[in-house]
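Q: give me a 3D structure for the following:
(one chain, ligands or ions: 1)
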Amino acid sequence: MTARIIDGKAAAATLRTEVAVEVARFTAATGRAPGLAVVLVGEDPASAVYVRNKGIATREAGMLSFEHKLDAETTSQADLLALVDRLNADPAVDGILVQLPLPPQMDADAILTRIDPDKDVDGFHPVNAGRLATGLPGFVPCTPYGCLLLLRAELGNLSGKSAVVIGRSNIVGKPMAMLLLADSCTVTIAHSRTKDLPAVVRQADIVVAAVGRAEMVKGDWLKPGAIVIDVGINRVPASEPGKTRLVGDVDFASASQVASAITPVPGGVGPMTIACLIRNTLVSAARRENFKLENPL
Ligand code: NDP
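A: Residues are numbered from 1 along each chain as shown. All right, here's what the predicted structure looks like:
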C-alpha cells in the first residue's frame, strides 16, 4: 500500500480563505477588524520566524496584528504581566499569544495564566484545558485542533475509531486526546513509560505522533490502512555536509508503505497550526461582539 499524502498546506490555505471571508463579514457588521496581539520576548530565531509568520497570516486574513517585541535582558516578569493586563483590557484585542519559550528568568505558567481565558487563542490557560475536558466552549490549542480538522477531512466521522496519541504534553498530546474523545474515538495516550509501544500503536486506526524524536515510529508499528498524523518537527543532518533537514516523529519512507494516509513533514500539521490560530482569533472576536459566523469553521 502507498499512502495518500495529506496536504496540510492546501487544507490550511482553504481554512485561511474561509476565515478571511468571515472576517470581512465581521468587519462590515461591527465596524472593526478582529485583532491578535503577539508578544515575543528575546531574540530566539525560531520564535522570531513563528511570530513573523503569524503576523503575515493575521494581516492576510484582514485582521489587525499587534506585535510586541521585548528585550529579554531589560524586561522583567512584572513588565510582562503589566503588558498582559493592558492587552486583557484593550477592546481592540480579541486574542493574546505569548510566544514560547520565554527566557528562563520568567515564570511561563504565571504569564500564561494571567491571560484572560476569553482571549487565550492559544488555548493554554488551565480554564480552557478544563473547558475542553468538560465539553464547554473555549479555545482549543491550535496544533491539535489542526490535526483534528485534517482527520475529519480524511475520515468524515471519527466515531468508534481506535486512536493512539503518542505524547502527553499540555500543548499537543493531552488536548489531542480530549478532542479525539469528544469525536467518540477510543483513545489511548502513550508516553515515554509506555510498555511495548509498537504493539500499542499497532491497534490504532488513527496514530498521532507528538514526541519530538526523529523518525521514531516505523512502518512495521502500524496497522495496515492506519491514518498517521505526524506532529513532530525535528532537525537532522542532511546528506550534504553542514546542511540540515526537517523530519517528523514518523519514519515517512516505511510508514507510507503501510498507512492509508499520512501527513508529510514539512507541509502537514505545521501550516494548520497558524490557520487555526487566526480561526481562534476570529471566533474570539465573534463571541465578544455576539456576531454569528455563517461558517462554523
Ligand atoms: P514535549 O517534549 O512537551 O512532549 C513530548 C512527549 O513525548 C512527552 O509526553 C514524552 O513522554 C513523550 N515521549 C518522549 N520520548 C518518548 C518515547 N521514546 N516513547 C514514547 N513517548 C515519548 O513535546 P511537544 O508535545 O511540545 O511537541 C512534540 C513534537 O511536536 C515536537 O517535535 C515539537 O517540535 C512538535 N510540535 C509541532 C508543532 C507544529 O505546529 N507542527 C507545534 C507543537 C509541537 P513523557 O511525558 O513520559 O516524558
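Q: okay, CA-based contacts and neighbour counts for the rest of this
A: Noted.
Q: surely residue 285 is in contact with residue 94?
A: Yes: here residue 285 lies in contact with residue 94, judged by C-alpha atoms under 8 Å, at a distance of 5.3 Å.
Q: and these two? Which one has more around it.
A: Counted by other C-alpha atoms under 10 Å, residue 285 and residue 94 do not tie: residue 94 has more neighbours, with 28 against 25.
Q: wait, that one touches residue 34, no?
A: Yes: counting by C-alpha under 8 Å, residue 34 is a contact partner of residue 94 at 6.2 Å.
Q: now do the shared contacts for the two.
A: Common contacts of residue 94 and residue 34 (C-alpha atoms under 8 Å, 6 or more residues apart in numbering): 281-282, 285.
Q: common neighbours of residue 285 and residue 94, please.
A: Joint contacts of residue 285 and residue 94 (C-alpha under 8 Å, 6+ apart) are 34-35.
Q: could you look up the SS state of the most centrally placed residue in the chain?
A: Of all residues in the chain, the one closest to the mean position by C-alpha atoms, centre = their mean is residue 143, 1.6 Å from it. Following DSSP: H, G, I helix; E, B strand; the rest coil, the label given to residue 143 is helix.
Q: that one and residue 273 touch, don't they?
A: Yes: using C-alpha under 8 Å, residue 143 makes contact with residue 273 at a distance of 4.7 Å.
Q: any idea of the pLDDT on the closest residue to the ligand within the stretch 1-150 of the chain?
A: The ligand sits closest to residue 143 of the stretch 1-150 of the chain, with a gap of 5.3 Å, by C-alpha to the nearest ligand atom. On the pLDDT scale, residue 143 is placed at 98.
Q: now residue 295
A: 88.
Q: for it, which non-adjacent residue is spatially closest?
A: Nearest residue to residue 295, sequence neighbours excluded (C-alpha to C-alpha, 6 or more residues apart in numbering): residue 22, at 7.4 Å.
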